[in-house]
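# A predicted structure for the sequence below; I have some questions about it.
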Amino acid sequence: MSNVEPLRSEVRDGMRIDWDVPIVMDDGLVLRADVFRPEAPGRYPVVLTCGPYAKGLSFQEGYPSAWNGMVLEFPEVGAGSTNKYQSWEVVDPEKWVPDGYACVRVDSRGCGRSPGFVDHFSARETQDFFQAIEWAGVQPWSNGKVGLNGISYYGMNQWQVASLQPPHLAAMCIWEGASDWYRDATHHGGILSTMWANWYDMQVKTVQHGLGERGPRSKVHGDTVCGPETLSDAQLQANRSQFGDDILGHPLDDAWHRERSAVWDRIRVPFLSAANWGGQGLHTRGNFEAIARAASPEKWLEAHGLAHWTHFYTDYGVQLQKRFFDHYLKGEANGWGERPKVQLQVRHVDRFVERQEHEWPLARTRWTRYYLHFGDHSLRTEPPAAPATADYEALGDGLTFMSLPLAHDTEITGPSAARLRLSSSTADADVFLVLRVFTSDLREITFQGALDPHTPVGQGWLRASHRKLDPRLSQPYRPYHPHDALEPLEPGQPVDLDVEVLPTSIVVPAGYRIALSVRGKDYEWQASTGLKLSNLKNELKGCGPFLHNDPRDRPAEIYGGRNTLHCDPADPPFILLPVIPD
């Protein structure tokens with residue numbers, strides 16, 4: 001364990017700042033936190049985060065492409081702040097402390113200034129988070145009410161710690177935070193996502209505790225961001241899990257995944273769940289699932305578009321968060337409790353239109369089947385009349401089925417589900433579904449997603465051997481697979497597949513077309529775009545970093561055969577779409 005340096009405290013930029021405050025865990029390890037609070041003595045509500053991205057690393061330095069793009073498009077993000085204390089995916093204290101909040105940033109175990117073994121989302125890390133909340137709740141500057149607020153990782157671990165029911169936890173804002181470690185994050189439809197192994201290399205190992213003098217220094221106070229010690233590569237490796245290999249080693253939804261997922265019937269704290277329509281690989285499903293399954297009677301849903309950090313920092317997002325926390329942490333009677341439970345930024349091809357709703361999915365949804373016609377590769381609301389088959393290379397671009405031009409503007413807002421009948425020449429098959437929109441002259445319309453600037457309308461995935469359904473949790477619009485056992489295919493023998501397509505929103509203009517692609521690999525908007533983010537390894541071609549291309553998970557001898565879609569007129573293939581009437 002690192003030596004415990006003395007606490008440093010100073011007043012600057014209108015805040016009392018306590019740097020590297022020690023928080024002692026039950027096993028004796030000391031986590032480090034920075035505390036930003038008003039200068040005036042008093043007890044203030046707490047907004048807390050705990051995570052691996054190093055509290056001393058500035059957003060601008062660690063993630064320059066994301067920061068520069070955001071402030072260029074939305075100058076309001078940088079306005080009203082020196083931006084010196086901006087850190088990745090957490091609140092800017094200069095915009096919260098003046099409103100009477102204490103902002104606490106904790107480096108999680110093994111990251112930044114906190115020593116220890118890095119094991120993301122583990123029971124140990126969740127227990128650390130619990131203890132940090134309870135520590136903050138009894139400090140002399142705290143009013144005893146702790147709120148959690150942050151993006152992605154800083155949202156995901158909120159579900160886990162809320163499952164432990166910390167007594168001082170009063171409210172949560174989960175901004176684009178997955179809640180199911182298996183379905184939302186590591187295995188989409190049972191298919192391994194390679195995002196996490198790459199993320200570990202780019203965003204965690206680069207700020208691991210023990211980099212010391214080899215790591216960055218804080219631009220604010222000059223200390224090393226990754227602790228006072230400088231360890232060897234071998235020592236650093238010994239202090240962290242083999243995260244990508246750990247995920248690969250758990251191909252089914254087992255106890256390892258459950259340890260890292262929400263326990264819905266134990267989440268009772270009020271929360272605001274903010275989802276991104278374009279974050280299909282990580283930043284969508286969990287936020288919607290929470291509304292359906294968490295036990296809390298006080299829960300609100302917000303759904304938006306754009307890059308996944310943008311609205312967290314815009315005036316729109318900050319005002320929404322503050323109104324929520326003012327009500328639950330300060331006790332203000334600001335009408336939050338009476339507001340509709342759902343706020344949607346309904347997506348059009350050229351804008352978003354805000355709308356309030358009272359439930360999710362929307363009660364007035366007209367669930368509409370669009371059937372796949374193999375003869376002309378069309379999508380139609382009338383079913384096919386004759387048996388048919390259509391085949392494609394199992395690791396290829398697959399087949400696309402397209403509607404006729406729409407007669408009028410058509411809103412699709414909600415979850416979708418597809419029913420297919422498929423056989424393969426091998427013992428398994430991976431199905432990648434892409435819900436798409438095309439103009440009248442057949443140009444595809446894509447959108448700025450959570451991470452990729454050319455994201456399709458919707459996506460879904462399923463490994464055929466994971467096709468078993470859980471009848472207790474499945475809905476017609478949201479099939480639920482237990483992912484607890486394999487059911488291999490018999491080559492040439494068709495099976496039924498029910499595929500979850502994640503929630504989306506789009507108002508499709510009259511004259512445009514809806515399409516469904518059934519593929520054997522990840523969607524690509526273009527074969528090459530030249531687009532990258534500084535924190536990602538891969539080129540952005542339509543799916544961001546959420547790819548499924550590890551040959552260890554998808555060996556060609558099993559997944560590289562030929563797939564055949566089957567149509568039985570008595571039970572024809574379709575996609576069920578959530579059409580919202582005018």
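Received it, and whenever you're ready, just let me know what you need. Numbering: from 1, shown residues only.
# what about the strands in the stretch 101-250 of the chain?
Under the criterion DSSP state E, counting those that start in this stretch, the stretch 101-250 of the chain carries strands at the ranges 102-107, 142-151, 169-175, 187-188, 191-192.
# Then the stretch 401-550 of the chain?
Per DSSP E, counting those that start in this stretch, the stretch 401-550 of the chain carries strands over the ranges 410-424, 430-438, 458-463, 495-508, 513-519.
# Equivalent analysis for the stretch 251-400 of the chain, please.
Counting by DSSP E, counting those that start in this stretch, the strands of the stretch 251-400 of the chain are 271-276, 299-304, 342-347, 352-357, 366-373, 378-380, 388-393, 399-403.
# any idea which of those strands is most buried?
Per-residue neighbour counts averaged over each of those give the maximum for strand 271-276, namely a mean of 28 (mean count of other Cβ atoms under 10 Å). Using the backbone N, CA and C atoms, a C-beta is placed for each residue, glycine as well.
# ok, the most centrally placed residue in the chain - contacts?
Central residue of the chain (Cα atoms, centre = their mean): His283, 2.3 Å from the mean position. Shown here is His283, whose contacts under the criterion Cβ atoms under 8 Å, 6 or more residues apart in numbering are 152, 176-178, 275-276, 308, 450.
# and the gap between it and Arg37?
Separation of His283 from Arg37 (Cβ to Cβ, to the nearest Å): 30 Å.
# what's the answer for Thr410, then?
The spacing between Thr410 and Arg37, counted by Cβ to Cβ, is 50 Å.
# In terms of neighbours, single out the busier of those two.
Between Thr410 and Arg37, counted using other Cβ atoms under 10 Å, Arg37 has the larger neighbour count: 25 against 20.
# What is the burial count for Pro491?
Number of residues near Pro491 (other Cβ under 10 Å) recorded here: 12.
# For it, give its distance to Lys55.
When distances are taken as Cβ to Cβ, Pro491 and Lys55 turn out to be 54 Å apart.
# next one: Glu229
In this view, Glu229 and Lys55 are 17 Å apart by Cβ to Cβ.
# What of Pro545?
24 Å.
# now the contacts of His283 in a markdown table, with distance to Asn535?
A markdown table is the format used below for the contacts of His283 (distance: Cβ to Cβ, whole Å):
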| residue | distance to Asn535 |
| --- | --- |
| Ser152 | 12 |
| Glu176 | 16 |
| Gly177 | 18 |
| Ala178 | 18 |
| Ala275 | 21 |
| Asn276 | 17 |
| His308 | 12 |
| Ala450 | 13 |
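# Where does confidence bottom out across those residues?
Looking at those by pLDDT, the weakest one is His308, with 92.
# my read: it touches Ala275, true?
No - judged on Cβ atoms under 8 Å, His308 makes no contact with Ala275 at a distance of 9.9 Å.
# Report the set of residues contacting both of the two.
If you check His308 and Ala275 against Cβ under 8 Å, 6+ apart, the residues they both contact are 176, 283.
# Go ahead and confirm Cys226 touches Ala54.
Yes - with contact taken as Cβ under 8 Å, Cys226 and Ala54 are classed as touching, separated by 6.4 Å.
# shared neighbours of these two, anything?
Listed as contacting both Cys226 and Ala54 by Cβ under 8 Å, 6+ apart are 112-113, 207, 216.
# With respect to burial, which of the strands of the stretch 401-550 of the chain scores highest?
Using mean count of other Cβ under 10 Å, the stretch among those with the greatest mean number of neighbours is strand 458-463 (a mean of 26).
# That one packs against which elements?
With contacts defined as 3 or more Cβ pairs under 8 Å, 6 or more residues apart in numbering; DSSP states H and E, the secondary structure elements packing on strand 458-463 are strand 191-192, strand 410-424, strand 430-438, strand 495-508.
# One more pass at 6 Å, please.
Contact analysis of strand 458-463 by 3 or more Cβ pairs under 6 Å, 6 or more residues apart in numbering; DSSP states H and E lists strand 430-438, strand 495-508 as its packing neighbours.
# Now find how far off-centre that strand is within its chain.
How far strand 458-463 lies from its chain's middle: 16 Å, per Cα atoms, centre = their mean, to the nearest Å.
# Repeat that for stretch 30-47.
Per Cα atoms, centre = their mean, the centroid offset for stretch 30-47 relative to its chain is 28 Å.
# average pLDDT for that stretch?
On average, stretch 30-47 scores 98.
# Can you give the contact residues for it?
4, 11, 15-24, 55, 91, 93, 97, 100-107, 113-114, 136, 141-143, 145-147, 149, 329-330 (Cβ atoms under 6 Å, 6 or more residues apart in numbering).
# Buried ones among those?
In terms of neighbour count (16 or more other Cβ atoms under 10 Å), the buried residues within the contacts of stretch 30-47 are 15-21, 23, 55, 91, 93, 97, 100-107, 113-114, 136, 141-143, 145-147, 149, 329-330.
# In contact with the nearest residue to Phe438 once chain neighbours are set aside, which residues?
Here the nearest residue to Phe438 in space, its sequence neighbours aside, is Arg513; by Cβ to Cβ, 6 or more residues apart in numbering that works out to 4.6 Å. By Cβ under 6 Å, 6+ apart, the residues touching Arg513 are 402-403, 405, 438.
# swap in Tyr63?
The neighbours of Tyr63, taking Cβ under 6 Å, 6+ apart as the test, are 88, 535.
# that older thread, most neighbours among the shared contacts of Cys226 and Ala54, which one?
The residue in the shared contacts of Cys226 and Ala54 with the most neighbours, by other Cβ under 10 Å, is Gly112 (29 neighbours).
# Now do the contacts for Leu502.
Shown here is Leu502, whose contacts under the criterion Cβ under 6 Å, 6+ apart are 280, 284-285.
# likewise Gly511?
By Cβ under 6 Å, 6+ apart, the contact set of Gly511 is 405, 440.
# try it again with 8 Å
For Gly511, the residues meeting the contact criterion (Cβ under 8 Å, 6+ apart) are 405-406, 439-440.
# And Ser163, by the same measure?
Counting by Cβ under 8 Å, 6+ apart, Ser163 has contacts 126, 262-263, 266-267.
# Please name the nearest non-neighbouring residue to Asp265.
Skipping the residues right next to it in sequence, Asp265 comes nearest to Ala295 by Cβ to Cβ, 6+ apart, at 5.0 Å.
# Now do the same for that neighbour: its pLDDT.
Each residue has a pLDDT score; the one for Ala295 is 98.
# Then Asp582?
We note a pLDDT of 89 for Asp582 in this prediction.
# How about Val4?
Reading off the model, Val4 has pLDDT 47.
# can you name the farthest residue from the center of the protein?
When each C-alpha in the chain is compared with the mean C-alpha position (Cα atoms, centre = their mean), Ala386 comes out farthest, at 41.5 Å.
# which residue packs closest to it, ignoring adjacent ones?
Of all residues not flanking Ala386 in the chain, Pro569 sits nearest, at 6.4 Å (Cβ to Cβ, 6+ apart).
# Let me know whether Gly78 touches Val71 as I believe.
Yes - taking contacts as Cβ under 8 Å, Gly78 lies within contact range of Val71: 4.5 Å.
# what separates Gly278 from Leu344, distance-wise?
Using Cβ to Cβ, we find Gly278 at a distance of 14 Å from Leu344.
# Let me fix that, I meant to ask about Ala123.
Going from Ala123 to Leu344 by Cβ to Cβ gives 35 Å.
# Repeat that for Trp256.
Plainly put, Trp256 is 35 Å away from Leu344 if you go by Cβ to Cβ.
# Repeat that for Asn149.
When Cβ to Cβ is applied, the distance between Asn149 and Leu344 equals 21 Å.
# Need the phi and psi values for the nearest residue to Lys84 once chain neighbours are set aside.
Closest residue in space to Lys84, ignoring its immediate chain neighbours: Val220 at 5.5 Å, by Cβ to Cβ, 6+ apart. Summarising the backbone geometry of Val220 under the convention degrees, to the nearest 10, its torsions are phi -90, psi -50.
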